[in-house]
Every structure is written in C-alpha cells, then in structure tokens.
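Q: Provide a 3D model corresponding to the input given below.
(chains A, B and C)
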Amino acid sequence: MLTALILLPLVTALLIAFIPRDLRFGIRLVALAATFVNLVLGLILFLRFNTGEAGYQFVENIPWVSALGINYHVGVDGVNIGLILMGVVVAFAAACVSWEIKSHEKEFYILLLVMTGGILGAFASLDLFFFYFFHELALVPTFIMIGVWGRGEDKNYATFKITLYLSAGALIALVGLIALYLQLPANARTFDVVTLTNHFAANPMSANAQQFIFPLLLFGFGILVSLWPFHTWAPLGYGAAPTATAMLHAGVLKKFGLYGLIRIALPMMPEGAKHWLGVLALLCLGNILYCGWVAMRQRDLNLLIGNSSVAHMGFAFLGIASLTLIGVTGTVLVMVAHGFLAALTFALSGYLYHQTGTLQMDEMGGLLRKLPFIGAAMVMAMLAGCGLPGFANFAGEVLVLFGTWKAVALPHPVWLVTAAAWGALIIGAVYMIRAIRNILHGPLPAKWTAVTDAGLLTKVPYALLLAALLVFGCFPRLLTDKIKPSVEPLVKMAAGPVEKPAAKGVAAIHP
Amino acid sequence: MTVTLEHYLVVSAALFCLGLLGVVLRRTLLVMYMSLELMLNAANLALVAFSRFNNNLNGQVMVFFIITVAAAEVAVGLALIVALYRKRQTAHVEDLTSMKL
Amino acid sequence: MTSLPWIILFLPLLAAAGITLFTLKNRRLSARLSISAGVIAFILSCVTFLHFRGETAPVESFVSWLSVGSLQIDFGVRLDPLSLLMLLIVTGVGGAIHIYSYGYMSEDRDFSRYFACLSLFTFSMLGIVLATNFIQMFICWELVGVSSYLLIGFWYERPAAADACKKAFLTNRLGDFGFMLGIILLWATLGTLNFRELAGKLAAHPQALGTLATLAGLLIFCGAMGKSAQFPLHVWLPDAMEGPTPVSALIHAATMVAAGVYMLCRVFFLFSAVPDAPAWLPWLQGLSAQGVIAWIGGFTALLAALIAVQQNDIKRILAYSTLSQLGYMVMAVGLSGPTPAMYHLSTHAFFKALLFLGAGAVIISLHHEQDIWKMGGLRQKMPATYWTFLLAGLALCGVPPFSGFFSKDEILAIAAAQNNVGLFVLAVFVAFLTTFYMTRLFLVAFAGAPRSESASHAHEAPRVMKWPLILLAVPSVLAGFWGINRFLDRQFAPGHTPRAGLWLDEVFAPFAHAPLAAMLGLLAVAFGLSFAWALYANAPADPLPAKLGALARGMRNRFYFDEVYEFLIRLTHDAVARLADWLDRWIVAGLAVRGTHGTIELMGRALRLLQTGNLQTYALLFALGVVVVLFFMLK
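A: This is a model prediction of the structure:
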C-alpha cells in the first residue's frame, strides 16, 4: 500500500502528460482526484498503524542492484507516519489551491504530482539511495515551478538561489551518506537503513570517522532545513514561489533534512552527535532568535512567514540537540505541526495576493470585514504560529522546551537555551499579532472594497489544514503515542538509556 | 676540436628556440608556419644526432616519419591559411580572435 | 456526579463551536445557545457546589493529554473549596453578563461572533478554575488571553480597539514568559506538574526546591503579573476598555484578571517553601517571593488609585479601580493571606461587575457618552441603575455592612497581623483614595443636575439589562454574611476552627477580631467621603488640577508609563530587530551568499583573461607550461 501511495502521483503525472492541453478543467480534476485518493490512502495508513509498536510497518523490500546493495525498501514507523500523513494532506490542499494557476496548467500539475511522489517516497524510503533519489526528484520540479510560475521582481534570483543552495546542501549530505556507506566492510556494503542501523548498533564507528561524517550530514541536511546561517534562501524562495510550491516545500520537503538527521545521523553516530551538539544548539538559537527578529522587520507578508518558518525549524533542531526522548518526540511533532501551519499560512497569503495583488502589509488593512472566513483562518494561523495551545504547534513546542531542560550533553547552561527559545515565541507573538493588526484590523481602505471571501469549495483546503492543526492540538496523543516507541530506540542509540518516567502519586478517580 | 653530440644538441636547441620565438612573436601566419617547420626540423636534427652517436638506427627511421608527416601537415595547413585569407582578407594573427571569451 | 464538572466545562465550548460553525448567520439562535450554555453551567455549578462542598479532600478526575517519558500532562477537573467557589462566581457573574449582553449588543451586526467569543472565554476561564496541573492551567491561561484579545478587539475597525487588543495580548505574553519558565523549573526539580502532587512533595520536604525556591516563586508570579495587570505589566488593562462594556465587566473586572490571583492562591503551597537563592544571583538573597509579591501588589494598588483620581472616562475610572483592588488581592497573597485575597476577589467580582454593567447602561442611555463631566442628574431618569450603582460603590469603598467592608477589612487585618507597617499604611491610604474617587465618580456622573443634553434625555435600561443589575446587587450587599471566608478557610487553614455566632455578630466580628484595622479602615472611608463631597458636590468642573497642578497632570496622563515603555521598547527591542535585519540583509545574504556568488564570478572573469582567442598567446602559454614541467621533472 505504501508503494501505491508513492506511485499514484507519479503515474497520474504520466497520465496527465497524455491529456490534451486545452482540457484544463479535466487536468485539474484528474490532479485533484489523484491527490484526494492519496489523502484517503494516507489516512487509512495512519489509522491502520499499530500504535505502540517500535518496528517498521507496511514494509516492502524489492532488491534492485544487489552488487551495490541498493534495494527498493520502504516502510513506516512512528517517526515518518505523521510526516506522510502531513504530506498527503498538504498535497491535496496544494492541488486545491492551484486553481489560481492560469497558464500552462498541464505542466504545472505534472510537476506538482512529481514533487508529491518524490516527497512521499523520500519519507517512506528505508534505503539511502532511494532516500536521496526521491528528494532530488522532488527538488527539480521546485526549480521549474518557481522559475516559470513564480512572482515578484526577484523571481529569477530567488529561483537560482534556492536551487543552488539546496543542491549544495544535498551534495554535502550525499558525501556524508556515501562515507557512511563506505564504513561498512567491503563485502557487506549496503544502502539499507535498517541494516546500517543494526550494524552500527553492534559495531560503532570509530570516533574519528563519526566526527568527520556527522558534521557532513548535519550541515548538509541542515542547509536543506534552513539552519542558521544557511537560511537566507528560504524567505526569498518562498516569497517568489507560487502558492502550491511554497506549501509543499516549506510544509513538507523542508522536513526531509530533519528526518534524515533523526533517522540516520543521530542513531548511527552518537559520538559525533555529542561532539557537535553544542554548535547545533547555538545555531538553532540563531534560527529561533535571529530569524524572529528579522521577521519583525519585514513589511512583506511572505517574507514574514518565510522567516517565521525558519524560526520554527530552530525549535525542531533544538529538540534534536537535546537528545532526550521528550525533546526528539517534540521535534517530530513540531515537524508535523509546522507542516500544516506553513502550508496554511502560505495558502492564505496566496489567497490575499490573488485578491489584492500585493503582499505589503502596510498597504492592506481592515480586511477582516470583507474576508470573514479567510481572515478568521489567518488569525488562527498566526496565533498557532506563536504557540497558542489548542493547535498542534504548542504541544510540540512544549515537548521541545521541557526536553531541552533535561538535555543530556549540551555544553551551554540549559536554562539559558530554554529561556531563549521560549522568549523567541514571545517575539513571534509580536510580529504575528502585528501582522494581524496591519492586514486584518483597522478601517477598510477604499481600494479593497472589491475583495471577496472564499466560496464554499475554495474553503476546503484551508478548513482541512485548520482541522488538522486543531485535531492534533487537542489530541496530541494521536501522534505522540505513535512517535514515542519509534524514537525511544533511536534516542537510546544516540544518548544512552532513556530516563524512566516519574512515579505517579496518589490514585485518583477516572471519569 | 671534435664535434660531439652536445654540439648537435645545442644547435638543435637553438633552432628550436628560434622557431618557438618565431611562432610566438611573428604576426604573419605564413612566417609563423615557417617557424613551426623550423621547430620540427630542430627535432629532426636532434633525433639524427642521437641516432648517429648512439649507433641506433631507430632515430633516423623516426625522422623519415616526421618528414612525411610534416609534408602532409604543410599541405593541409597552407590550404587552411589560403582559405582563411580568402575569408578574412587578412593574414595577421592578431585579427583572428573569434575564439575570445 | 464527577462528570458534572466536565459538562460545566465543555458546554460553553460546544456552544462556541456550534455558533462558529453553524449559526453565525442566525443572531437570535447564537445568542440563545450561548446564554443557555452560560445559565445551565451556573445551575450545574450550584448543584456541584451543594454536592461536593462537604468533601474534606480534593476530588480529581482526569484524562491523559500528553505522556512522553517523564512528562505526564493531564487534562482534568479538580473540585475543592477554592474551585467550587470560583466556579460559582465565574458561572454566576458570567451568566448574568450573558443575559445583559443580549440587550447591550442588540444593535451590533456581529452579534453572533460576540457570543461565540464570550462562550469561548467562559470555557477557558472554567478550564483555569478546574485545572489539575500547571500545563492545563497554562493552556487555558493562553486561551483566556486569546478570548480577551478577540473581545477587546471586537470592534476591530476602530484603530484604538485594534491597538488595544494587540497590547493586551503581548503584555500578557510577556508575563507568560516568566510563567512558563517557572513551570519548567518546578517540573525539573520536583518531577511533576500536578498541583496535588506538588503540594504533597513540598509539604513533605519544604527544602525540596533548594536554591531555586525564590526564583520559582517569582517566575510563577510573572504570569499573575501579566494576567492580573500588576506593575509593571499594568498598562494593558485601561486600554482594554475599548472593548464592549459587558466584556469589561466580565473579563476585566470579575474573572480573567482575577485568574492571576486565583492562580497564586491555587499554588500557594509554593510560597511555603523555604526562600533561598542560588549563589550567582546575590541580589535575590534575603528576598522572599512573598515579600516581593506583597510590595508589587501594594504599589500597584497605590499607583492605580492615584491615577483613578484624575480620570474622566467612566470606564477608565472603573478600570483603574479594578487595578487597585487587584493590587489589594495580590498584596494579601504576599502577606500569606490567601483567604482574604480570595474573599476580596469574590466580593469584588460582584460589585465591580455591577459597577461596569451600570456604567454600560448609562453609556448606552446617553448615546455612547463616556465622559463623566457630560453626565449627571440620573436619579429620576434611571433609578434602578442609580441605586444599584450606589450600592456597589458603597461596597467598593468598604462601607459596612456591605460585602466590600468585610473583605477589605480582612486584608487590612492581615497586614496589621503581619506587623507590616509600610503595607498597612499604604492599604489604608489606598482605601481613602478609593472612597475619594468613587465618591467623585458618583457625584459627578449620577448626582446633581444633568450636565449635558444627552444626560437630560436619559432613560432607564431595558429589562434584559436591568435585571442582571438587580441580581448582582444582592450579593454585593449581602455576600459578607454568606461565610465565604469560612468556606475558604477549609482550603487554606484547615485547622482553623470556624467562628460560631449569631448573624448580628457577623457585622461586628471585624471590630472584635482586628479593631485597629477596622477603625482605621472606617476612618479612611469617612475622610475620603468628606473630602470628595467638599470638592465635587455640585461642582461645575474639576477643581483638583488647579489645586494639585503637576501632580494632577501626572495622574491624568497615567504617569507617562505608556510613553516610557514605548521609548524603552524602541531603544532595545526594535534596535535588536533592526540589527538582525541589517545583519541578515548585508552580512549573511550580502557578504556570504552574494559574496560567494561574486567571488566565483570574479574568478571566472580572471580566468577569462587567459582565453584571448589569440593563437600566439596560447602558444606562449603552451611553451611556458612545457618549461615548468621540465623544470619539475629534472629537479
């Protein structure tokens, strides 16, 4: 079923290539139907997932090039099931939102579907080769989509910047991955993640090798996730990208690097990890604080959201740096929550751009009267972005904060790091609330009287993403119960034994 | 004074350098080409000298090959120069910079 | 029976969700949904109260919300005297205000949205009241903040309202910064977040917090500072008056701002830990969290009372009055008196809500006029409002036998009992000021002759607004006799034997119990009344600015706090943000990225110089290359 999930968008892309260009509505419908079916499949996968099991489920393993040890190996465990669900939801929402594309729809939807297939394959993949391959498969459409359908005067610069930067990051990571592959004895070399993990659990790599390979993976994957100071591609790129691309990239593809770190780097190179954690913690504070401050100065809504998105990634890195069960679980939850949030905010800003033709917040104002639904959705998204309880982001951030306090190997005082991270959410509140003030509140200027709210069908993607945020915000155990058993062995490999839960006190009455 | 191998090699080197200087410094294509021939002949001289003084006939055999190839090369090269002159109306090497980046 | 509090908690949430999703277009249905949720919640609260008030131990019921490793966060309900009392207050006052709003907001086009937000607020506030652990309280704390944001900014098209709600949310968030840090500190040292478990651990080992005791207490207090608008985070409350008056009554008088005090009383066991500070914070040594809290409370009370003396907007006067009374409550907590604090919170909820609702009736009746110097002569025109306002005002001033007298007296008594001369004197002075400005308000806005056209055409409030006034007047007058303090003693001083006696003894109990406090309190009231009468009875304009000059101007301009804060923020935070942006634009993106791009381009250009297209250059380079190779080979 997992293969069906990955192949469906790719096959549909091929199908669309055969549909005549003028059948615009037909093309849109086919793409929408494909992503919808994918959404249903993803939901079924999520619901059929056995909570509480630590191993991989829905595994499919087809040997391909045995000489090099490359197999088509896919499977889900607690860490990537949430990401896959998030991927299919965002893909469907992106397909809905792409109704605004008015030229070359055929090519756009083909690229969108290829990107979706690549993303899902990357998250489901348990073989390093396919892991990397699917990521590159998803990256190429990004380049084309931003280049052709992008907006703004910086479009070309942004396109090249994002592509070259991400390719550079992926290249560094590739060197690391190949180095990892070469660490295995010559006759047993394989790209299979499961085999690699088991091998390194039994025979850890030499400290030197770890301290060489870990930074390659850290910075390689880090660049992919806009780790400070390698972050400037993100706000610019998302600002110039068409809405669907921004949603898919900021929401989903960005998490690829974090996923790689959790799945590969942490468990296989614990010594290297501990050596570099101090640096990582500082850099992610850079993400959180520095990008928060930069976001405060932005006048353009997309740049604000882009910088805020980079700041949220800092939280995810912080959870990894803590090397605790709580912290890493928090990271995975932040990844899923942020995926929904980033997709939602970019979708909303895309709607605003479509209606008003501008993204400068000073020129907008008083739009809440004209856009009750979109405005309310925007208020909720902004509040979720600054960590309001009730949305999934809060649960993740709470876990990260608490996990950081109990951090295992940080050379800096934990209270300082935790205080700084939490303080950044206050900074986040400042610019989010200010954005609401500038865009939605205040008197309505005369030039915006023609703005209209979303119709019933147009509301679907926003409502879907909001619902996801609210569901996982009110019932975070839906995710954490799945994440925890899978993260436990990873953290154990990375940091040593996991702390025991505190003893529960006096018995209480349950409802 | 006996004429030894070194004398021949020095002459050959001198001829080679003269030819090289000609290639680098002369502006007319035809004279550059003649200098090129001079460099080839310098190599020939060196080969013959080595062959004579080391009593190894391989050097002189190689000279035959070189002379043949040189002749063929001159034929082709002169044809190219004539064609170039007809196209560009100039035989000065400074005017032929269409490969400049 | 334990499912009752769950129903009380979630009923308003269901109403809010229902209105938002389904009935936004139908005004009356939305209002009815919300009001019925509020009233049913009150009825159920009464039932819960009657059922559980006899319990000796707290009753808890919860589900696990998040459980990862040693972090166990539950979502539950906890019933003990404190929460039972607060439940009644929140649902009671809330229910009355729901009904009042039906009349007050009837002309508004966003009628349904108002009730949705009001129900959301009720749910959040009840969540704070019934919380079993810190994180649940924090979650509902934030939700209350959001409800307040939505309700203050209800008329968002007004720039003043939009700015006010932004300010409120951000100031609250600032307080929450310390709050969350305190919570994490407690969890890290004591291993649990549940109130009962925390209390148990601290009772068993008072030294358990070690050197972090004072710090933890102060950080937790930060949250209360934000929510209950204590100095220096008090600046948002007066601006919050931009919201509709029922909102001011419910949120910014009776319930939300009281949440800070409630929280402090809920975690009062924290402050029983031995005060201590870590070695690297030498200025904390010798301070106890309680001491700091008491002084901040006292200072807030004084500051707000002074400012209120020269305000001319009826809602602002009441807002500063609320600030001042909150200062009293916080001071009481700081003086180890959670019972007086909660007692005053309860009585204050009743009469302050009543004062605000009365003010709302006047505002509506005078066509949205809020300046007291344009009101006057309302006795004949609005008798119900007039008399209820008077009763509430007397209760606020602390005139016996109204409820405010008893609760305020307990606070004065505890200051005296703790031998804290400074705070006692301060409290008495603030009582004087309170009476002064309330008498000023009443004389100018209600008594005397009408001062403007609209005042002379005033009319009584409609029934749906009048009856909540009358309903709230009852507890404002009689709450002193309901034994609230005895009920609270069961929570905070379980060994305390209740004072038995006749009903009449209640009236004189304060005099018997703490005669100095009671007498001085009465004296302060008398002085305040007479001073204000002398200055303001039938006064055509305010005589104080002439008499006090610069001081009066300072009071009127709220002692320039907003301006100072704005300056400080611009100096520090905005500067940092500007620096970060500059760095980002010029160093990271400029130097690093474009720099790399530029360097590579420069290298390309340099290398290009070699590609002259000139045959002879190539030949020369070729020859040079051969020479170099030969050199290295023959070396």
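
Q: List the buried residues in the lengthiest helix in chain A.
A: Counting residues, the longest helix found in chain A (DSSP state H) is helix A:325-356. Of the residues in helix A:325-356, A:325-353, A:355-356 count as buried by neighbour count, 16 or more other CB atoms under 10 Å in any protein chain shown. Quick note: C-beta positions are derived from backbone N, CA and C, even for glycine.

Q: What of stretch A:194-201?
A: Buried-residue list, stretch A:194-201, by 16+ other CB under 10 Å: A:194-197, A:199-200.

Q: which residues touch that stretch?
A: Applying CB atoms under 8 Å, 6 or more residues apart in numbering or on different chains, the external contacts of stretch A:194-201 come out as A:56, A:73, A:126, A:128, A:180, A:183-184, A:188, A:190, A:264, A:267-269, A:493.

Q: mean confidence for it?
A: Average pLDDT, stretch A:194-201: 87.

Q: With stretch C:395-405 instead?
A: 87.

Q: Which residues does it contact?
A: Residues beyond stretch C:395-405 that count as contacts (CB under 8 Å, 6+ apart) turn out to be C:321, C:325, C:347-348, C:350-352, C:355, C:391, C:394, C:406, C:408-409, C:431, C:434-435, C:438-439, C:475-481, C:507, C:510, C:521-522, C:525, C:528-529.

Q: Apply 7 Å and report the result again.
A: C:321, C:347, C:350-351, C:355, C:394, C:408, C:431, C:434-435, C:438, C:475-480, C:507, C:521, C:525, C:528 (CB atoms under 7 Å, 6 or more residues apart in numbering or on different chains).

Q: Quick check: helices, which of the residues you listed are part of them?
A: Per DSSP H, the subset of the contacts of stretch C:395-405 in helices is C:321, C:347, C:350-351, C:355, C:394, C:408, C:431, C:434-435, C:438, C:475-478, C:507, C:521, C:525, C:528.

Q: Give me the secondary structure label for the residue lying closest to C:A592 once chain neighbours are set aside.
A: Distances taken as CB to CB, 6 or more residues apart in numbering or on different chains put A:P229 closest to C:A592, at 6.9 Å, once the chain neighbours are dropped. Look at A:P229: counting by DSSP: H, G, I helix; E, B strand; the rest coil, its state is coil.

Q: Surely A:P229 and C:V588 touch.
A: Yes. Counting by CB atoms under 7 Å, C:V588 is a contact partner of A:P229 at 5.2 Å.

Q: Look at the two and report which has more neighbours.
A: More crowded of A:P229 and C:V588, by other CB atoms under 10 Å in any protein chain shown: C:V588, with 21 against 17.

Q: Now do the contacts for that one.
A: C:V588 neighbours (CB under 7 Å, 6+ apart): A:229, A:232.

Q: So, low pLDDT: which residues of the chain?
A: Because you didn't say which chain, this covers chain A. A:408, A:496-511 (pLDDT under 70).

Q: hm, I was asking about chain C
A: C:494-510, C:512-513.

Q: So which bits of it are right by chain B?
A: C:608, C:611-616, C:619-620, C:623 (CB under 7 Å from any CB of the partner chain).
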